[in-house]
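J.: need coordinates for the following:
(one chain, ligands or ions: 1)
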Amino acid sequence: MTDLASIEAALAPIAAGRATVRLDDERANIVLDVTGLPVGSHAELEADIRAAVEAFPGVREVRVLLTSERRQRRLIAVASGKGGVGKSTIAANLAITLARSGQAVGLVDADIYGPSQPKLLGVEGIKPRSEGEKLVPVPTPYGVPLLSMGQLVAPDQAIAWRGPMAGGALGQLVDAHWDADLLVLDLPPGTGDVQLTMVQKHKPAGAVIVSTPQDLALIDARRAIDLFARTGVPIIGLVENMAGYACPHCGEVSEPFGSGGAEAAAQALGIAFLGRVPLDIAIRTASDAGTPPAAGNGPEAAAFEAIGGRVRDWLARQG
Ligand code: ADP
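T.: The predicted structure follows:
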């Protein structure tokens, strides 16, 4: 007859207090708490525990159940009324800035129309593996693990998706083995059925709206704001991208669309202004090369840091 105390004693050096054993005749039921352990170590730990308990002659069957305390994880959506305004660029660099300040941040690329995050973060072509039923995010060189719609489907396949399908696929990206407290969510551009379903289903804690100076007075940014208002998601604020033109030769910033319009537009829309990022060829070339500017120490990084700081303040105020 095998006694519980000797099984517990055998497990102590292996499981370090994480295993709870129950004996049911000849079956050992073990609950293993893997909270905080790297996902990659779970299988090995489980196998070691299994082997140690199977070694007891009175045990015929071993069942191991892995549990983990659910970490309180928040989602921040990055949205825009239309494509091409730099939404993905802002999302990637915001995530990196937040990670550089010590937060555990992941990036979810839900842009089914043009999932560009694998390229922006220098991990194009790398597929996530799955463990259990869930995906394991792809690590990137910038401390921000990534899951992208582009890793799940061929580029031309998702375009035809309707809301429920896109919302379901997003579930796979969000409900994954994240080692992060905060997920930055790069939404598809626009404010249609697809975006609405995603926002309704995954309820971000807040939303960042990206716009360019020439669109600010236009209906697109307003539509994006309406989408979140309708779903009860607070707006963190507005980012003005491609604001002013940074001359690649002398660095001088000129303002073809005037300046101060974004602050005024944010005020008129009743939302906070988070900052501006100039139209700068260095941002485009760094992004194309998979070396996001926020990861460097150049002047481009400063603009993203300022925006990240305001987002951090907003998060801190939410508690
Ligand atoms: P969206 O996600 O809104 O479709 P992207 O982030 O993919 O837009 O940006 C569209 C293009 O504009 C990309 O080539 C990107 O490198 C470039 N871009 C974005 N923001 C800037 C900027 N501030 N300065 C220069 N190029 C930019």
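
J.: middle-most residue in this protein, spatially?
T.: In the chain, the centroid-proximal residue (C-alpha atoms, centre = their mean) is residue 107; its distance is 2.6 Å.

J.: please see if the helix or strand hosting it touches the ligand.
T.: According to DSSP states H and E, residue 107 maps onto strand 105-109. No: with C-beta under 6 Å from any ligand atom as the criterion, the ligand is not reached by strand 105-109; the gap is at least 9.8 Å. For the C-beta atoms, the positions are set from N, CA and C on the backbone; glycine is no exception.

J.: avg pLDDT for that strand?
T.: Strand 105-109 shows a mean pLDDT of 97.

J.: repeat that for stretch 122-139.
T.: On average, stretch 122-139 scores 93.

J.: can you list the buried residues in it?
T.: 122-123, 128, 135-138 (16 or more other C-beta atoms under 10 Å).

J.: who does the residue nearest to the centre of the chain bridge with?
T.: Residue 107 forms beta bridges with residue 146, residue 184, as assigned by DSSP bridges.

J.: the strand holding residue 107: what's the following helix or strand?
T.: Next along the chain after strand 105-109, taking DSSP H and E as the criterion, comes helix 117-120.

J.: ok, the following helix or strand past that next one: who's next to it in the sheet?
T.: As assigned by DSSP H and E, the chain's next helix or strand after helix 117-120 is strand 129-131. The pairing partners recorded for strand 129-131 under DSSP bridges are strand 134-136 (antiparallel).

J.: residue 209: neighbour count?
T.: 30 (other C-beta atoms under 10 Å).

J.: what are the contacting residues of the host helix or strand of it?
T.: Following DSSP H and E, one finds residue 209 within strand 206-211. Residues outside strand 206-211 that contact it (C-beta atoms under 8 Å, 6 or more residues apart in numbering) are 76-81, 85-87, 90, 94, 199, 220-221, 224-225, 228, 233-241, 262, 265, 271, 274, 311, 314-315, 318.

J.: distance to residue 33 for the buried residues of stretch 122-139 - can I get that in JSON lines?
T.: Shown next, in JSON lines, are the buried residues of stretch 122-139 (distance: C-beta to C-beta, whole Å):
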{"residue": "122", "distance to residue 33": "35"}
{"residue": "123", "distance to residue 33": "31"}
{"residue": "128", "distance to residue 33": "25"}
{"residue": "135", "distance to residue 33": "22"}
{"residue": "136", "distance to residue 33": "19"}
{"residue": "137", "distance to residue 33": "22"}
{"residue": "138", "distance to residue 33": "26"}
